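*Asks:* sequence unknown, structure follows:
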Ligand SMILES: [Zn+2]
């Protein structure tokens, strides 16, 4: 079975008006006898070494990004005893700055994402930063599939790993934003990316974060629809599916560090 390591590849001081003082960039390292795969890559060495040149002061200030080389995926992988070359695949929820920063540290990896997200990047959507892709990622755009998963469309990601891995379209935050589902002992872990920034958004709109999430959505109506689907999964399939998002610190194992 493919083993899942939870890794934090970027710490934020929290979102504007955020009652919670800290947010993270929750990524996954999938360890399989056939290789390693990352689910999102947070911030990488380029951002840590030249943050202002790479992503600009405005974004750094908005999200309160704290750069720390020890949190990059490449350094954490080395600490676990692997080599960066062992990473054969990356699966990307979407192409925002805090999800693809480390890609340049793994130029050999095939990078899987939805074809809608890939098309938006290729069209030059203003939210994406070309600097993060100058190394020429080996894109593997995944198209629509007839496969269904708990009532949602699912796109199998063919890594040749022991556990099945699916891209689950949860569009709206960006045009091609997806969750990533990984099979584990008859259950599933679903990483929902930025479907919400904070778990409180799934309870009610009366919270300080939803206006920000709405503002950053490529299609807010679609984002709300995706959020409703995630709430339905949590309500009806809580025993079969474990959920985590990118930035909600309380969903990270042993988060109280
Ligand atoms: Zn994000």
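*Replies:* Received, thanks. None of the values given here were measured: they were computed from a predicted structure.
*Asks:* any bit of stretch 34-53 sitting next to the ion?
*Replies:* No - using Cβ under 5 Å from the ion, stretch 34-53 stays clear of the ion, coming no nearer than 8.5 Å. Heads up, the C-betas are built off the backbone N, CA and C, glycines and all.
*Asks:* okay, how far is it across that stretch, tip to tip?
*Replies:* Using Cα to Cα, to the nearest Å, one end of stretch 34-53 lies 36 Å from the other.
*Asks:* Show the pLDDT at the residue in the stretch 151-257 of the chain positioned nearest to the ion.
*Replies:* Taking Cβ to the ion as the measure, the stretch 151-257 of the chain has residue 194 as its residue closest to the ion, at 4.4 Å. pLDDT for residue 194: 98.
*Asks:* what about the residue nearest to it when sequence neighbours are not counted, how many neighbours?
*Replies:* Nearest non-adjacent residue to residue 194, counting by Cβ to Cβ, 6 or more residues apart in numbering: residue 173, 4.6 Å away. Residue 173 has 27 neighbours, counted by other Cβ atoms under 10 Å.
*Asks:* Confirm that the residue of the stretch 151-257 of the chain closest to the ion lies within a strand, as I assumed.
*Replies:* No - assignment of residue 194 by DSSP: H, G, I helix; E, B strand; the rest coil gives coil, placing it outside any strand.
*Asks:* Let me know whether it touches residue 246 as I believe.
*Replies:* Yes - under the criterion of Cβ atoms under 8 Å, residue 194 makes contact with residue 246 at 5.6 Å.
*Asks:* list residues touching both of those two?
*Replies:* 93, 99 (Cβ atoms under 8 Å, 6 or more residues apart in numbering).
*Asks:* Compare the two and say which is more crowded by neighbours.
*Replies:* Neighbour comparison, residue 194 and residue 246: the larger count goes to residue 246, with 28 against 24 (by other Cβ under 10 Å).
*Asks:* What strand or helix carries residue 229?
*Replies:* helix 220-236 (DSSP states H and E).
*Asks:* Show residues contacting that helix.
*Replies:* By Cβ under 8 Å, 6+ apart, helix 220-236 touches 150-152, 170-173, 177, 179, 190, 192, 195-196, 201-202, 213-214, 217, 241, 243.
*Asks:* now, which of the residues you listed lie within helices?
*Replies:* With DSSP state H as the criterion, helices contain 213, 214 from among the contacts of helix 220-236.
*Asks:* Of the contacts of helix 220-236, which qualify as buried by neighbour count?
*Replies:* The neighbour-count test (16 or more other Cβ atoms under 10 Å) marks 150, 152, 170-173, 177, 179, 190, 192, 195-196, 201-202, 213, 217, 241, 243 as buried among those.
*Asks:* Of these, which belong to strands?
*Replies:* If you go by DSSP state E, these have 152, 179, 190, 241, 243 in strands.
*Asks:* near the ion, which residues of this protein show up?
*Replies:* Contact residues, the chain versus the ion (Cβ under 5 Å from the ion): 98, 194.
*Asks:* any idea whether the residue sitting furthest away from the middle of the chain is helix, strand or coil?
*Replies:* Farthest-out residue of the chain from its mean C-alpha position, per Cα atoms, centre = their mean: residue 206, at 25.2 Å. Residue 206 falls in the coil class when you classify it by three-state DSSP.
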